[in-house]
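>>> Sharing a model prediction with you, sequence too.
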Amino acid sequence: MAHDPLADARTAVHRATEEERTLEDQRTAGSAYRAAVQRTTALQRRRGLARFLYENGLVLVATALFLLSFVGQVATGHAHHNAEQRTHGQPTLTLAQYLQSGAFVEATAENWESEFLQMAVFVVLTAFLYQRGSSESKDIEEPTSVDQRPEEARDDPDAPWAVRRGGLALAVYRHSLSLALFALFAASFALHLAGGAADYNEEQRAHGEATISTLAYLATSRFWFESFQNWQSEFLSVAVLVLLTVWLREQGSPQSKPVAAPHHETGE
């Protein structure tokens, strides 16, 4: 009988699916079930603002941490910039002037740029690349809902509007996450370029040197050094996270596999 790779693949997928169902049954029993009951009970006890805070705590805390860090950056950056100005006998800036300066815009945008690039690339790469055993990767053999064709849910009244509409709306919506992240990257890249050119020209004028255009600054090694030093750290952090989640765990985090899951198992 001729070897049929497709039949072998279907058998492997079926076997992996059955194994995953067994493992999922084990994990949702006992303490995992009780934890879900506790969360649901806590939610049902809350009303109004308390419920809103409970349901949106992750983004609210992350936003609060961002704002605290941003205020810290502004305060310390302003102080550092003025210290540098005094050292070189240059006039200092008020806080309002500093927030409009090339130094501040460049320092802020170059970090945002690298973050959005990291997230955009990671979203795209995880659509078709795999790392067996990592919670950040799809399982190779097991079916996953993110691979479902949205056209199959076109008649579902609960499906998003773009899915029910189809056509161009669906074509854009099916890649809207990566498109939004790449757009944020492009905007941050442009701000980094503009801020960097302004800061570079401020330094040139302070030393009596000729200034350059924003486009010319794009060709400088300084601009690309600032970009690459941030990009490499972001891609390193992605690689480290993907690899460490093969063996290491964080109880209760959806970014980690269950603590009792075997190392070879992939997926959250």
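Sure, I can see it.

>>> From here on, just use CA atoms for contacts and neighbour counts.
Fine.

>>> What score does the nearest residue to Phe122 once chain neighbours are set aside have for pLDDT?
Nearest non-adjacent residue to Phe122, counting by C-alpha to C-alpha, 6 or more residues apart in numbering: Val238, 7.6 Å away. Looking at Val238, its pLDDT stands at 95.

>>> What of the one 4 residues further on?
Per-residue pLDDT puts Val242 at 94.

>>> Which neighbouring elements make contact with the helix or strand containing it?
Val242 is part of helix 221-247 when elements are defined by DSSP states H and E. Packing partners of helix 221-247 (3 or more C-alpha pairs under 8 Å, 6 or more residues apart in numbering; DSSP states H and E): helix 102-128.

>>> does Ser256 really touch Thr245, like I thought?
Yes: the pair Ser256 and Thr245 passes the contact test of C-alpha atoms under 8 Å, sitting 6.2 Å apart.

>>> which residues are common contacts for the two?
Common contact partners of Ser256 and Thr245 (C-alpha atoms under 8 Å, 6 or more residues apart in numbering): Ser135.

>>> and the angle from the helix holding Val242 to helix 102-128?
40 degrees (axes from the mean of the first three to the mean of the last three C-alpha atoms, to 10 degrees).

>>> List the buried residues for helix 221-247?
Neighbour-count burial for helix 221-247 flags 223, 226-227, 230-231, 234-235, 238, 241-243, 245-247 (criterion: 16 or more other C-alpha atoms under 10 Å).

>>> now these as a markdown table including distance to Gly133?
Shown next, in a markdown table, are the buried residues of helix 221-247 (distance: C-alpha to C-alpha, whole Å):
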| residue | distance to Gly133 |
| --- | --- |
| Phe223 | 38 |
| Glu226 | 34 |
| Ser227 | 32 |
| Asn230 | 28 |
| Trp231 | 26 |
| Glu234 | 22 |
| Phe235 | 19 |
| Val238 | 15 |
| Leu241 | 12 |
| Val242 | 9 |
| Leu243 | 8 |
| Thr245 | 8 |
| Val246 | 5 |
| Trp247 | 8 |
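
>>> Arg34: which of those is nearest?
The closest of those to Arg34 turns out to be Thr245 (C-alpha to C-alpha; 25.0 Å).

>>> Fine by me, we can end here.
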